[in-house]
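1. Here is the input, now give the coordinates:
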Amino acid sequence: MINIFDNAPGLGISIADMITQCTPYEISKEDCFPENICDSCLHCARSAFEIRQTIETSHQIYLQMKNTKNLPVNLNDGVGFSKTKKQYICPHCSKSFSQSSSLKPHIRIHTGERPYKCSHCTKSFSQNSSLKAHIRLHTGERPYKCPHCVKSFFEQIHLNRHIETHTRDRPYKCSHCSKSFSTRFNRNTHIRTHTGERPYKCSHCSKSFSHKPSLNAHIRTHTEQRSYKCSHCSKSFSLKSALNVHIRTHTEERPYKCSHCSKSFPDQLILQRHIRIHTAEKSHKCSHCLKSFSAQIHLQRHIRTHTGERPYKCPHCSKSFAQRYTLDAHIRTHTGERPYKCSHCSKSFSHKNTLDAHIRTHTGERPYKCSTCSKSFFQKGSLDSHIRVHTGERPYKCSFCSKSFSHKSMLNEHIRIHTGERPYKCSHCPKSFSGQSQLQRHIRTHTGERPYKCPHCSKSFPRRYTLTVHIRTHTEKRSYKCSHCSKSFSHKNTLNGHIRTHIK
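-> The predicted structure follows:
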């Protein structure tokens, strides 16, 4: 592999400049293209450059011959025209051009002049075609559509590279799964999804990325002007496409639908990541339990549920977390930011998942269904915990006693019985609690809030369990009849309690 900013062997010009002269794309160290080129691609680029030089020379000879009034009788001497000077000569190097329109963009390579300025940010470019391609990053326009699949691209060169994934041989095979690739570079990039390697580090913060374009896009969040402001909250973005994706967190629009299941997503990248759940081979197996994963990084996250490792530390307090997004949500409890607003009531939340779960208390939707029984749940975490009721799995063990639990939060609450810790304090009275859910239930005794509404009548309840019991009065058969009056009940223990009111 050769760096494209080195000189092409025997030509006295860098490979990047050579590519710039042969295509409408400006190559720079800040773009999203790879900085290295393989021998095969270099041969193609060199051939294109030499053909362009030959065509320019031939065209110049043709123009000079056309303008000569008395053509020579012996045209064999015409070969000498290749040494005739062209009309437009670069003052910085020995190159000459047949047209001034070709010379002008070439001179900008030497002078660094960038007359084409972006109206959305501070960037400027030496060629108009480069500016047009850049503006699409702001507008989100992807005019170059693949004829083989649904993907679309900002630039023709990206589409061409993608089409090769459909048409070219794929000799480079992944050693972790069954996928294969047309280039070694693509194979190596893919392997990082298995290994979790992130070699591209941000110089402004501690984040790192698995490939260069992701790093370049991230760096813009530090350096670029954020001219696209969200009308729903205080956030702003450097790209219009990023703003459009963000706005969907407020509007709940999910235009990207999975072809394998009923799920939909606000962003195409999230959809592509989700589709791997259906299609990817799960070759990464957990040594602590029976679960397996399609990527090494997902396995690493899962293993932390067994080991208790929490590498993401809060800068405001002593807490640490197993996953980055959990830390981000926690930090909002310090800053007070609650960007996710409920469209059914006045509540707002610090995390999108919490909003989604809350909205289901209004709609009654329970999308997570148990395959063993008929139960369904508002949240996936609740379904995962419920499934352990069937399997009997209790992976979370107490270090103080022999008890084990099916869910990490249950273990945490249990441990506080041993330690006596009650970190959740009521703001209305001096009481404190060992668990967040206990505090929330208690606070409702002060506020009178009854968020759990019956879909059959106007009643509402402070606890979900109480609502569940109440709903049975509408839906279940009342087979337990009182022998003292006309009342009947759906549960025997309720009947027994009622009978006591007669015999007191």
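2. quick one, strands of the stretch 201-350 of the chain?
-> In the stretch 201-350 of the chain, the strands defined using DSSP state E, counting those that start in this stretch lie at 208-209, 228-229, 236-237, 256-257, 264-265, 284-285, 292-293, 312-313, 320-321, 340-341, 348-349.
3. so where does Gln21 fall, helix or strand?
-> Secondary-structure assignment from DSSP states H and E places Gln21 in helix 15-22.
4. Show me what the helix or strand following that helix is packed against.
-> The helix or strand immediately downstream of helix 15-22 is strand 36-37, counting by DSSP H and E. With contacts taken as 3 or more Cβ pairs under 8 Å, 6 or more residues apart in numbering; DSSP states H and E, strand 36-37 sits against strand 2-3. In this view, the C-beta of every residue, glycine as well, is placed from N, C-alpha and C.
5. and with 10 Å instead?
-> strand 2-3, helix 15-22, helix 39-67 (3 or more Cβ pairs under 10 Å, 6 or more residues apart in numbering; DSSP states H and E).
6. what distance separates the second one from the middle of the whole chain?
-> Distance of helix 15-22 from its chain centroid, counting by Cα atoms, centre = their mean, to the nearest Å, is 33 Å.
7. Quick one: mean pLDDT for that helix?
-> Averaging pLDDT along helix 15-22 yields 74.
8. Kindly report the same for the longest one.
-> Averaged over helix 39-67, pLDDT sits at 72.
9. where along the stretch 351-500 of the chain do the helices fall?
-> 352-363, 380-391, 408-419, 436-447, 464-475, 492-503 (DSSP state H, counting those that start in this stretch).
10. For the ones you listed, give me TSV that also has distance to His428 and mean neighbour count.
-> Shown next, in TSV, are the helices of the stretch 351-500 of the chain (distance: least, Cβ to Cβ, whole Å; neighbours: other Cβ atoms under 10 Å):
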stretch	distance to His428	mean neighbour count
helix 352-363	22	16
helix 380-391	28	15
helix 408-419	21	15
helix 436-447	4	14
helix 464-475	21	14
helix 492-503	31	12
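11. closest to Asn36 out of the strands of the stretch 201-350 of the chain?
-> Closest approach to Asn36 among the strands of the stretch 201-350 of the chain (Cβ to Cβ): strand 208-209, 17.4 Å.
12. now that closest one, how far from the chain's geometric center?
-> For strand 208-209, the distance to the chain centre is 13 Å (Cα atoms, centre = their mean).
13. ditto for stretch 89-99
-> Distance of stretch 89-99 from the chain centroid (Cα atoms, centre = their mean) equals 47 Å.
14. start to end distance for that stretch?
-> Using Cα to Cα, to the nearest Å, one end of stretch 89-99 lies 10 Å from the other.
15. what mean pLDDT does that stretch have?
-> Average pLDDT, stretch 89-99: 77.
16. Now do the buried residues in it.
-> Judged by neighbour count using 16 or more other Cβ atoms under 10 Å, the buried positions of stretch 89-99 are 95-98.
17. next one: stretch 475-490
-> In stretch 475-490, counting by 16+ other Cβ under 10 Å, buried: 480, 489-490.
18. Let me know the closest of the residues you listed to Leu159.
-> Ranked by distance to Leu159 (Cβ to Cβ), the buried residues of stretch 475-490 are led by Ser490 at 62.9 Å.
19. That closest one is in contact with Glu476, isn't it?
-> Yes - between Ser490 and Glu476 there is a contact at 4.1 Å, judged by Cβ atoms under 10 Å.
20. where's Cys93 relative to Phe265, distance?
-> 51 Å (Cβ to Cβ, to the nearest Å).
21. residues contacting the closest residue to Lys291 other than its chain neighbours?
-> Nearest residue to Lys291, sequence neighbours excluded (Cβ to Cβ, 6 or more residues apart in numbering): His302, at 6.3 Å. With contact taken as Cβ atoms under 10 Å, 6 or more residues apart in numbering, His302 is in contact with 284, 286, 288-289, 291-293, 322.
22. For His302, report the pLDDT, please.
-> Per the predicted model, pLDDT is 85 at His302.
23. So it versus Phe293, what's the distance?
-> 6 Å.
24. who touches both of these two?
-> Common neighbours of His302 and Phe293 (Cβ under 10 Å, 6+ apart) are 284, 286.
25. Is it possible to get TSV of the helices of the stretch 351-500 of the chain that adds distance to Ile270 and mean pLDDT?
-> Output for the helices of the stretch 351-500 of the chain, formatted as TSV (distance: least, Cβ to Cβ, whole Å; pLDDT from 0 to 100):
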stretch	distance to Ile270	mean pLDDT
helix 352-363	11	81
helix 380-391	15	82
helix 408-419	25	85
helix 436-447	28	86
helix 464-475	29	81
helix 492-503	46	85
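26. would JSON lines of these with distance to Cys233 be doable?
-> Putting the helices of the stretch 351-500 of the chain into JSON lines (distance: least, Cβ to Cβ, whole Å) gives the following:
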{"stretch": "helix 352-363", "distance to Cys233": "12"}
{"stretch": "helix 380-391", "distance to Cys233": "26"}
{"stretch": "helix 408-419", "distance to Cys233": "29"}
{"stretch": "helix 436-447", "distance to Cys233": "25"}
{"stretch": "helix 464-475", "distance to Cys233": "29"}
{"stretch": "helix 492-503", "distance to Cys233": "48"}
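27. looking at those, which is closest to Arg198?
-> Taking those one by one with Cβ to Cβ, helix 352-363 is closest: 24.0 Å.
28. Name the residues that touch the closest one?
-> With Cβ under 10 Å, 6+ apart as the test, helix 352-363 has contacts from 249-250, 252, 266, 325, 329, 338-345, 347-349, 351, 365-368, 377-382, 451-453, 455, 464, 467.
29. Quick one: buried ones out of those residues?
-> Applying 16+ other Cβ under 10 Å to the contacts of helix 352-363 flags 249-250, 266, 329, 338-340, 349, 351, 368, 377-379, 382, 451-452, 467 as buried.
30. who's in contact with Leu131?
-> 26, 114-119, 123-125.
31. Quick check: it vs Ser152, distance?
-> Leu131 is 20 Å from Ser152, by Cβ to Cβ.
32. ok, now which ones touch His284?
-> 176-177, 194, 291-300, 302.
33. Domain map for the protein?
-> As recorded under automatic domain parsing, the domains making up the chain are 2-57+88-113, 139-351, 394-447, 452-503.
34. can you tell me which of the buried residues of stretch 89-99 are in strands?
-> 96-97 (DSSP state E).
35. Next, count neighbours for Thr251.
-> By the other Cβ atoms under 10 Å criterion, the neighbourhood of Thr251 contains 10 residues.
36. same deal with Arg394?
-> Arg394, neighbours per other Cβ under 10 Å, totals 14.
37. tell me which residues form a beta bridge with the closest residue to it other than its chain neighbours?
-> Distances taken as Cβ to Cβ, 6+ apart place Ser404 nearest to Arg394, at 3.9 Å, with adjacent residues excluded. Judged by DSSP bridges, the bridge partners of Ser404 are Lys397.
38. how about Ser404, what does it touch?
-> Ser404 neighbours (Cβ under 10 Å, 6+ apart): 393-398, 410-411, 414.
39. between the residues you listed, which is nearest Ile15?
-> Set against Ile15, the nearest of these by Cβ to Cβ is Pro395 (54.1 Å).
40. where's that closest one relative to Ile297, distance?
-> In terms of Cβ to Cβ, Pro395 sits 20 Å off from Ile297.
41. Which one's more surrounded, these two?
-> Ile297 (18 against 15).
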